[in-house]
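Colleague: Here is my input; please provide its structure:
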Amino acid sequence: MHVFQHPEFDQHEQVVFGSDTASGLQAIIAIHNTHRGPALGGLRIYPYASEDDALTDVLRLSRGMTYKSALANLPLGGGKAVIIADPRRHKTPALLEAMGRLVDSLGGHYITAEDSGSDEADMQVIARRTAHVVGLRRTANESGDPSPFTARGVFCALRCAVRHGLGRSQLDGVRVAIQGVGHVGAHLARELHAAGAQLVISDVNGPVVSRLAEELGAKVLPPQAIFDADVDVFAPCALGAVIDEKVCERLQAKVVAGAANNQLASPAAGQRLHERGILYAPDYVANAGGVIEVAWQRRDDYRRDAVMAHIDRIEATLDEIFQRARRERTRPEEVADRIAEERFKPQAHCAA
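Modeller: The predicted model follows:
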């Protein structure tokens, strides 16, 4: 395994491999960029088939966090952590405390939070060993779960994309297919239902999707059929890299806007969406609501109304991206990348 030659290595500042024999911890932390501030990103616990798969994921995700924080105008850089384990079978307090020690060893350069396979209760355990953790409840009656905030941001992004891609100012009657109705996907589904959208949903967890479908009057499709749904909007809210060139040909939707990270399997997939006239809302812009909320947790003046106002500005950011992309006749993700890079890459200074 060669980190520097890895295809997903993008001048990452630090990649740390950690292990703990007693707890069984096998983890990787990737810090992509800290020009704007310490690297913040969630902890993913997943039974990767190999170390190389885990490395690929953490490198891609940490890079995405840099772009996400920059587009959200946060004083943070990008990082990510993964533990190679099945969260349902291998997650123990000892494992999480070992992870906390690994995070703490980086001296605050990386701040962790919950992600796929981890939750607020896990962050509470990790916090026994490090102060460099966010997403904890602020009061006894309040959850630290960032999912509702992420979902709110995706809702704003989807509404903006519908306006630009479908020419519709309201979501009433808009047909949306949601792939993945875990924490974020379920919150998004409820917001869309309240706005009058017609929902088609899928998830690998059959009981979860059935209960939500009954609650919202949504149609259910098998996971392998969701790409073919006859809808206006496709919202990927599960794992990343689901939109490859084959999926691009299957999509019936004219808009793609969802919560998953790294939705495009390759730049070629983004190009094919563009060629087919499918408007793509760059994922790291759309799903920034959660990181916006946890960033506010680090401030002394935390106010929920201010947090929600910041998240709602995702819509204005996407407005600018879509308008520039149209003027420049390019893809939205290319415009988003350029804006982000202007914000996190150190500017060269000419000698006097």
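
Colleague: just the strands in the protein please.
Modeller: 14-20, 25-33, 39-46, 77-84, 110-114, 175-179, 198-202, 219-220, 233-236, 255-256, 279-280 (DSSP state E).

Colleague: So which residue is smack in the middle of the protein?
Modeller: residue 261 (4.0 Å; Cα atoms, centre = their mean).

Colleague: Is it correct that it is in contact with residue 284?
Modeller: Yes - using Cβ atoms under 8 Å, residue 261 is in contact with residue 284, at 7.2 Å. In this view, the C-beta of every residue, glycine as well, is placed from N, C-alpha and C.

Colleague: Show me whatever sits in contact with both of the two.
Modeller: residue 64 (Cβ atoms under 8 Å, 6 or more residues apart in numbering).

Colleague: If you count neighbours, what's buried in the lowest-mean-pLDDT helix or strand in the chain?
Modeller: The helix or strand of the chain with the poorest confidence is helix 289-297; it has a mean of 93 (mean pLDDT, DSSP states H and E). For helix 289-297, a neighbour-count test (16 or more other Cβ atoms under 10 Å) marks 289-296 as buried.

Colleague: contacting residues around stretch 274-282?
Modeller: Contacts for stretch 274-282 (Cβ under 8 Å, 6+ apart): 157-158, 160-161, 164-165, 248, 251, 253-258, 264, 270, 273, 318, 321-322, 331-333, 336-337.

Colleague: ok, back up a step: can you give me the distance of the residue nearest to the centre of the chain to residue 41?
Modeller: 10 Å (Cβ to Cβ, to the nearest Å).

Colleague: try residue 252
Modeller: Counting by Cβ to Cβ - residue 252 and residue 41 are separated by 33 Å.

Colleague: Neighbour count: these two, which is higher?
Modeller: For residue 252 versus residue 41, neighbours defined as other Cβ atoms under 10 Å are more numerous around residue 41 (31 against 14).

Colleague: quick one: the more buried one and residue 95, what's the gap?
Modeller: 19 Å.

Colleague: pLDDT value on residue 216, please?
Modeller: Turning to residue 216, the model gives it a pLDDT of 98.

Colleague: burial measure for it, as a count.
Modeller: With other Cβ under 10 Å as criterion, residue 216 counts 19.

Colleague: can you tell me how far the residue nearest to it when sequence neighbours are not counted sits from residue 334?
Modeller: The shortest distance from residue 216 to any non-neighbouring residue, by Cβ to Cβ, 6 or more residues apart in numbering, is to residue 193 (4.6 Å). Remark: distance between residue 193 and residue 334 (Cβ to Cβ) = 33 Å.

Colleague: How about residue 102?
Modeller: Taking Cβ to Cβ, one finds residue 102 at 36 Å from residue 334.

Colleague: Please say which of those two ends up with more neighbours.
Modeller: Per other Cβ under 10 Å, whichever of residue 102 and residue 334 has more neighbours is residue 102, with 25 against 17.

Colleague: Surely that one touches residue 26?
Modeller: No - the criterion here is Cβ under 8 Å, and residue 102 misses it with residue 26 at 10.7 Å.

Colleague: so what sits against both of those two?
Modeller: With Cβ under 8 Å, 6+ apart, residue 102 and residue 26 have common neighbours residue 18.

Colleague: any common contacting residues for residue 261 and residue 41?
Modeller: residue 61.

Colleague: Can you show me the helices along the stretch 51-200 of the chain?
Modeller: Taking DSSP state H, counting those that start in this stretch as the criterion, the stretch 51-200 of the chain carries its helices at 51-71, 93-104, 120-126, 147-166, 183-194.

Colleague: Quick one: closest of these to residue 305.
Modeller: helix 147-166 (12.8 Å; Cβ to Cβ).

Colleague: That closest one: how far from the chain's middle?
Modeller: Centroid displacement of helix 147-166 relative to its chain, using Cα atoms, centre = their mean, to the nearest Å, is 13 Å.

Colleague: Could I get the buried residues of helix 289-297 in JSON lines, plus columns for distance to residue 4?
Modeller: Listed next are the buried residues of helix 289-297 as JSON lines, based on distance: Cβ to Cβ, whole Å:
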{"residue": "289", "distance to residue 4": "34"}
{"residue": "290", "distance to residue 4": "31"}
{"residue": "291", "distance to residue 4": "27"}
{"residue": "292", "distance to residue 4": "32"}
{"residue": "293", "distance to residue 4": "34"}
{"residue": "294", "distance to residue 4": "31"}
{"residue": "295", "distance to residue 4": "30"}
{"residue": "296", "distance to residue 4": "36"}
